[in-house]
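Q: Model the following, please.
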Amino acid sequence: MSRGYFVTGTDTGVGKTVVACALIRALCAVGRDVGVMKPAETGVGSDGPLDAQALRAAAGVEDSLDEICPIQLALPAAPSVAAAHEGRRLDVASVRKAYDTLAARHDCMVVEGAGGLLVPLAEGFTMADLAGELDLSVLLVARAALGTINHTLLSVEAIDARGLGLAGVVISHATGALTDADAKNLVALREALGPRLVGEILPLGEGDGPTAEALDLGRFAL
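A: Model (predicted):
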């Protein structure tokens, strides 16, 4: 089983955190000691980094939020853009340092990226670059709504072209119930992905979270 997973999405708002939490719970259910990380979270308000808090709660760890989420930015934009807005220059080395600290405490890591695969973390350094540097298997989260075929297959192509290990694709119904057109479109995506489709998380009720059974680790490629 992989030393860890990097959860990315085909877009923003596709349900990466929900899928990451499902993955964390599935790993914990088979006895893994899971560390979590959200290297950069934007749109952070007075309540703190909510995605990072959700990951920490799913894993049941006591690591500090500053370790789990070393880059916290207010503007809801790509990390490099949000940092420039605040007059900050992001240091990728600080992310690696925090990751190494957490990885030393836990036998498995789940890291959730910001936005999609090619979103810039810092100037000239994308989420794909970070996944490669951390040497983590990539779990791609795809939306269920129209447009997903193009977004998903382009993302898979980029993962393959960069030599990143694709653990699989999870379809997330983050937008709720589908229209008839969306549902038919999704059938085509499932067929196109074949065995690379490793899970599908249906709409959740308000306040509900995914269970440990939401993802089957046995279907993962890596």
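
Q: Now do the helices in the protein.
A: For the chain, the helices defined by DSSP state H cover 16-29, 50-59, 65-68, 79-85, 92-105, 127-134, 148-161, 180-193.

Q: Check these for me and report the most buried one.
A: Per-stretch averages of neighbours, counted by mean count of other Cβ atoms under 10 Å, single out helix 16-29 among those, with a mean of 24. Every C-beta, even on glycine, is put in place using the N, C-alpha and C of the backbone.

Q: List the contacts of that helix.
A: The contact list for helix 16-29 (Cβ atoms under 8 Å, 6 or more residues apart in numbering) reads 5, 7-9, 34, 36, 51, 54-55, 58-60, 108, 110, 112-113, 139, 141, 170, 172, 174, 199, 201, 204, 209-217.

Q: got the angle for it vs helix 50-59?
A: Calculated by axes from the mean of the first three to the mean of the last three Cα atoms, to 10 degrees, helix 16-29 forms an angle of 20 degrees with helix 50-59.

Q: export helix 16-29 as PDB, just CAs?
A: Once side chains and other backbone atoms are set aside, the C-alpha atoms of helix 16-29 remain, and they are given as PDB (Å, rounded to 0.1, in the frame of the first residue of the first chain):
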ATOM      1  CA  LYS A  16     -11.600  17.200  -2.600                       C
ATOM      2  CA  THR A  17     -12.000  17.600   1.100                       C
ATOM      3  CA  VAL A  18     -14.900  15.200   1.200                       C
ATOM      4  CA  VAL A  19     -13.000  12.600  -0.700                       C
ATOM      5  CA  ALA A  20      -9.800  13.200   1.300                       C
ATOM      6  CA  CYS A  21     -11.800  12.600   4.500                       C
ATOM      7  CA  ALA A  22     -13.200   9.400   3.000                       C
ATOM      8  CA  LEU A  23      -9.700   8.200   2.200                       C
ATOM      9  CA  ILE A  24      -8.400   9.100   5.600                       C
ATOM     10  CA  ARG A  25     -11.300   7.100   7.300                       C
ATOM     11  CA  ALA A  26     -10.700   4.200   5.000                       C
ATOM     12  CA  LEU A  27      -7.000   4.100   5.800                       C
ATOM     13  CA  CYS A  28      -7.700   4.400   9.500                       C
ATOM     14  CA  ALA A  29     -10.200   1.600   9.300                       C
END
